[in-house]
Structures are given as structure tokens and as C-alpha cells.
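Visitor: Take a look and give me a structure for this.
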Amino acid sequence: MLGKSHLLVGLSSAVVLDSYTHLSGPPLITQGTASVPLSLVINKGLFYGMVALGSLLPDIDNAHSTLGRKLGWVSKGIQRLAGHRTIFHSLLGLGIGVVLGYLLEIYLHAQLLASGYPNSAQLLDSTHMILLAVLFGAAMHIAADGLTEGGVPLLWPLRTRFGFPPNPRQRFRTGTWPEHVIVITLLILVGIGLYNGLLTI
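Guide: Predicted coordinates for the structure are as follows:
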């Protein structure tokens, strides 16, 4: 899929996830609430911002992608070393992301404690939320690429590619009209859900 499609799929899916799990906190619009706390607005911004980042992250291995063009030589180096749609589009890649994120959390909290800051539960919740948001965005990217002709190597380093439907001929090519139809349909459904109060932000 194109970068803008990945962003829209990731963010609209995040609205659905957040509506049911409240990962980023309670809805901004709640009955009987006169004002919205700044901390909640920041949490929402962090959550959706990190989902957006995660939804572009697997294409770090493509120098011509939305994220690849921003990272320049870093992305070119990764593409030369690993190739496109390899480890960054696999379950192994997601697993490594979980481990690295968890280790980063541990390091951050250790540094805060060493600097004399208390190990705040609120900070821990925020770092968990950020990690989950990035991973969710990346998972949505991989799922969306599974709808394309090329599929995704979920079990990399095995080269077998998976997709839905299983027959590649029934899937679409990146940038063609079915991609736009899928993305627009998803946006319309999320919009209807928000309008009817079935979904919240």
C-alpha cells in the first residue's frame, strides 16, 4: 500500500481499538464534563502520533517510501542490507520490536531512578501506551500489505509470502483503485461509527 493509505488505515483502526480499550484514556467528549484535562489531550496526541509512526515504520526498508525518503541514507542502507518486505514485515520483526521496546522502557525507568526521580506509575503507563501504539500501527501496516499482490513474509526468514485472499491473483496491486476503495470504505465506516456514538476518540 501507499504511505498515505497506511496512515489512514492505521489511524482509523486505532480509533476502533481506542474506542473499546481506552488505551489513551477516556473519550475526549464525555457527558457532564465541562473541560478536558491537558494530560488527556497529550495522551491522545501521543497515542495517535505513535500509531501513525508505527503504520509507516515497516517501510523503513524501502528508500522510496514515505518514511524512507525522510530517513535518506539510513533507509537506503537498510534496503541494501535486508531488502524490502523482509524482517520488517514479519512476526519476527514485531517480536524484536516488543523486546527492544521493553528493554528501552526498563532503561528509561532505571535512568529516572538513578537521577532521583520516583518511578511514577503514570510514566510507566505512558511508555506502555507508546509501545503498544507503535506496535499496533506496524501490525496494521503488515495486515494491509497482506491484501496486496506481493503479500508479506510473516514467517521470515522463510520466504513464503502470505496474504488475504490466499490467491495472489485475487489481491490488488499497490496504488490501484481497489486500494483507494478499501481505504475510503474504512474511513466512511469509522466516520459513521463516530457520528452514531458507536466509536469515540
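
Visitor: quick one, what contacts Ser24?
Guide: For Ser24, the contact set (CB atoms under 8 Å, 6 or more residues apart in numbering) comprises 18, 43-44, 46-48, 129, 133. Quick note: C-beta positions are derived from backbone N, CA and C, even for glycine.

Visitor: and stretch 88-100, average pLDDT?
Guide: If you average the pLDDT over stretch 88-100, you get 93.

Visitor: Please work out which residues outside that stretch touch it.
Guide: By CB under 8 Å, 6+ apart, the residues outside stretch 88-100 that reach it are 57-61, 82, 87, 131, 134-135, 138-139, 141-142, 145, 152-157.

Visitor: So which bits of that stretch are buried?
Guide: Residues of stretch 88-100 classed as buried: 88-90, 92-94, 97 (neighbour count, 16 or more other CB atoms under 10 Å).

Visitor: In JSON lines: these, plus secondary structure and distance to Ile78.
Guide: As requested, the buried residues of stretch 88-100 are arranged in JSON lines below (DSSP: H, G, I helix; E, B strand; the rest coil; distance: CB to CB, whole Å):
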{"residue": "Phe88", "secondary structure": "helix", "distance to Ile78": "8"}
{"residue": "His89", "secondary structure": "helix", "distance to Ile78": "13"}
{"residue": "Ser90", "secondary structure": "coil", "distance to Ile78": "14"}
{"residue": "Leu92", "secondary structure": "helix", "distance to Ile78": "15"}
{"residue": "Gly93", "secondary structure": "helix", "distance to Ile78": "12"}
{"residue": "Leu94", "secondary structure": "helix", "distance to Ile78": "16"}
{"residue": "Gly97", "secondary structure": "helix", "distance to Ile78": "14"}
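
Visitor: Could you identify the helix or strand that succeeds the host helix or strand of Val99?
Guide: Using DSSP states H and E, Val99 sits in helix 91-114. Sequence-wise, the next helix or strand downstream of helix 91-114 (DSSP H and E) is helix 121-145.

Visitor: chain center to that following helix: distance?
Guide: Mean C-alpha position of helix 121-145 versus that of the full chain (CA atoms, centre = their mean, to the nearest Å) differs by 6 Å.

Visitor: Convert the helix holding Val99 to PDB, retaining C-alpha atoms only.
Guide: The C-alpha trace of helix 91-114 is given here as PDB (Å, rounded to 0.1, in the frame of the first residue of the first chain):
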ATOM      1  CA  LEU A  91       6.200 -11.800  13.100                       C
ATOM      2  CA  LEU A  92       9.800 -12.000  14.000                       C
ATOM      3  CA  GLY A  93      10.200  -8.300  13.300                       C
ATOM      4  CA  LEU A  94       7.200  -7.500  15.500                       C
ATOM      5  CA  GLY A  95       8.600  -9.700  18.300                       C
ATOM      6  CA  ILE A  96      12.000  -8.000  18.100                       C
ATOM      7  CA  GLY A  97      10.100  -4.700  18.300                       C
ATOM      8  CA  VAL A  98       8.400  -5.800  21.500                       C
ATOM      9  CA  VAL A  99      11.700  -6.900  23.100                       C
ATOM     10  CA  LEU A 100      13.500  -3.700  22.100                       C
ATOM     11  CA  GLY A 101      10.600  -1.500  23.400                       C
ATOM     12  CA  TYR A 102      10.500  -3.400  26.700                       C
ATOM     13  CA  LEU A 103      14.300  -3.000  27.200                       C
ATOM     14  CA  LEU A 104      14.000   0.700  26.300                       C
ATOM     15  CA  GLU A 105      11.300   1.100  29.000                       C
ATOM     16  CA  ILE A 106      13.500  -0.700  31.600                       C
ATOM     17  CA  TYR A 107      16.500   1.500  30.700                       C
ATOM     18  CA  LEU A 108      14.400   4.700  30.800                       C
ATOM     19  CA  HIS A 109      13.000   3.900  34.300                       C
ATOM     20  CA  ALA A 110      16.400   2.900  35.600                       C
ATOM     21  CA  GLN A 111      17.800   6.200  34.400                       C
ATOM     22  CA  LEU A 112      15.000   8.200  36.000                       C
ATOM     23  CA  LEU A 113      15.500   6.300  39.300                       C
ATOM     24  CA  ALA A 114      19.300   6.900  39.200                       C
END
